[in-house]
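Trainee: return atomic coordinates for the entry below.
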Amino acid sequence: MNFTINLPPVTKKNHGQIIMCKGRPIMIPSKPYLQYEKDCKVFMPKCEPIGHKVNVQAHYYMSTKRKVDLTNLESALLDIMVKHNVLVDDNSTIVVSTDGSRVFYSKENARTEVIVTEIVEDEKC
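Mentor: Just a heads-up that it's a prediction; the model follows:
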């Protein structure tokens, strides 16, 4: 399965908000991330949620050359894929790897290209 999110990638972990809930502070994602999560819905493939072992390879094309953590981008993408029912869950029994994921620069065309491939393991292992 291949699909492209034609939006500038946004991380989930940077610039979170602290709010009070029942007298206790809790951390929630930033407003830009929450908007990004919502806007990504139209780019998600319509399919049965994936519940078997897969590799999720993503090429993140950023509009600036600022440093960004690949793992934060991956975390956001996987959470969005779960939220929009592409994946049943993003735990390690389903998303076995993110091999091949990279960050690139594209000032004019920031986006995320996603390639999901099934993992078929050899029974000898």
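Trainee: how about the most centrally placed residue in the chain, nearest residue that isn't a chain neighbour?
Mentor: Centroid-nearest residue in the chain: residue 77, 0.5 Å away (criterion: CA atoms, centre = their mean). Of all residues not flanking residue 77 in the chain, residue 58 sits nearest, at 5.6 Å (CB to CB, 6 or more residues apart in numbering). From N, CA and C alone the C-beta is placed, and that goes for glycine too.
Trainee: about what we covered before: so for the helix or strand that the residue nearest to the centre of the chain is a member of, mean pLDDT?
Mentor: In this assignment (DSSP states H and E), residue 77 forms part of helix 70-83. Averaging pLDDT along helix 70-83 gives 96.
Trainee: and the contacts of it?
Mentor: 5, 9-14, 33, 36-37, 40, 44, 56, 58, 60, 87-90, 95, 98, 101-103, 112, 114 (CB atoms under 8 Å, 6 or more residues apart in numbering).
Trainee: export it to PDB, keeping only CA atoms.
Mentor: In PDB, the C-alpha atoms belonging to helix 70-83 read as follows (Å, rounded to 0.1, in the frame of the first residue of the first chain):
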ATOM      1  CA  LEU A  70      12.900  11.200  12.600                       C
ATOM      2  CA  THR A  71      11.400   9.200  15.500                       C
ATOM      3  CA  ASN A  72       9.000  12.100  16.400                       C
ATOM      4  CA  LEU A  73       7.800  12.200  12.800                       C
ATOM      5  CA  GLU A  74       7.300   8.400  12.800                       C
ATOM      6  CA  SER A  75       5.400   8.500  16.100                       C
ATOM      7  CA  ALA A  76       3.000  11.200  14.700                       C
ATOM      8  CA  LEU A  77       2.500   9.300  11.400                       C
ATOM      9  CA  LEU A  78       1.800   6.000  13.200                       C
ATOM     10  CA  ASP A  79      -0.600   7.600  15.600                       C
ATOM     11  CA  ILE A  80      -2.500   9.200  12.700                       C
ATOM     12  CA  MET A  81      -2.700   5.900  10.900                       C
ATOM     13  CA  VAL A  82      -4.200   4.400  14.000                       C
ATOM     14  CA  LYS A  83      -6.600   7.300  14.500                       C
END
